[in-house]
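[1] Provided below are the primary sequence and the corresponding predicted coordinates.
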Amino acid sequence: MKGAIFVLAVFVLEQCCGMPFTKCSTDPAHTALTVHEFNISPSPIVFPGDIHLTVNLTVNRPINALFIDVELYKHTLPNGRTPIPCLAGTSLGSCKNIDSCSILPDILSGTSSVSSDLGKQIDAIFLASLGHHASCPIQPEKVVIQNELLHLQAIPAALSVLADGDYDIMIAIKEDPTSTENVGCLEFTTSIKRAPKTGFLFG
């Protein structure tokens with residue numbers, strides 16, 4: 001479950017003019033989820049640190065099952081990128097068929113293995129924005145989260161594969177894990193950075 005919080009966070013994570021993203025649905029006329037606005041600040045995202053998130057999306061129809069495919073690439077020089085593999089025992093990296101409905105309760109209750117605090121923050125934002133807790137099946141509705149604040153903890157040592165730098169991310173949602181078609185998809189680029197250590201030994 002280590003990457004599940006990461007997946008959820010990036011999906012609902014502002015720069016003044018908006019963060020560029022590309023819709024990549026395989027059937028745009030019948031998407032179950034339409035993203036209208038997707039913003040995150042600051043850039044780069046600093047761990048540990050605070051981020052502000054704005055999201056505006058529409059769930060167009062009921063979603064009974066929610067499987068997520070993630071492709072994660074780190075920018076490399078010159079003008080290249082390297083895929084980050086799916087880390088064993090986690091949902092972090094380029095992972096397929098993440099069963100979000102089965103792990104969502106653990107994320108939002110704060111009992112997953114990465115950050116109980118982040119899961120509880122996300123749950124509180126959903127509750128304030130929607131008037132109810134996020135759960136499956138997902139019902140049609142408008143989701144608007146405006147400039148909410150999230151506190152991020154340091155990246156755990158087990159996730160050291162996430163080095164500072166720029167990343168390309170593709171997130172696709174499916175209702176059938178065996179299908180090659182998705183019902184909603186988003187591609188974007190973001191940057192992460194670890195906060196410099198401070199204190200007596202570090203100046």
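    Arrived safely.
[2] quick one, longest helix in this protein?
    helix 116-130 (DSSP state H).
[3] any buried residues in that helix, and which?
    Residues of helix 116-130 classed as buried by neighbour count (16 or more other Cβ atoms under 10 Å): S116, L118, G119, Q121, I122, D123, I125, F126, S129. Placement of C-beta: from N, CA and C, glycine included.
[4] assess the claim that the fourth one and L150 are in contact.
    When you say that, I think you mean Q121. Yes. At 5.5 Å, Q121 and L150 qualify as touching, with contact defined as Cβ atoms under 8 Å.
[5] can you pull out the strands in this structure?
    Along the chain, counting by DSSP state E, strands occupy 21-23, 33-41, 45-47, 49-59, 67-76, 80-83, 98-99, 141-152, 165-174, 184-194.
[6] hey, least reliable of those by pLDDT?
    Comparing mean pLDDT over the strands of the chain, the weakest stretch is strand 21-23, at a mean of 77.
[7] what's next to it, contact-wise?
    With contact meaning Cβ atoms under 8 Å, 6 or more residues apart in numbering, strand 21-23 is reached by V35, F38, C185, L186, E187, F188.
[8] please apply the same query to stretch 42-51.
    By Cβ under 8 Å, 6+ apart, stretch 42-51 touches 13, 15, 19, 40-41, 52, 149-155, 164, 190-195.
[9] check stretch 131-145 too.
    12, 53-66, 100-101, 104-105, 108, 123, 125-127, 129-130.
[10] 6 Å instead?
    Contact partners of stretch 131-145, identified using Cβ atoms under 6 Å, 6 or more residues apart in numbering, comprise 55-59, 61-64, 101, 126-127, 129.
[11] where's C136 relative to P177, distance?
    Distance from C136 to P177, counting by Cβ to Cβ, to the nearest Å: 14 Å.
[12] before we move on, what about I122?
    From I122 to P177 the distance is 24 Å (Cβ to Cβ).
[13] next one: L66
    Counting by Cβ to Cβ, the gap from L66 to P177 is 10 Å.
[14] the more surrounded of the two?
    Comparing L66 with P177 by other Cβ atoms under 10 Å, the one with more neighbours is L66, at 21 against 13.
[15] you'd agree that one is up against I98?
    No. At 8.8 Å, L66 does not count as touching I98 under the criterion of Cβ atoms under 6 Å.
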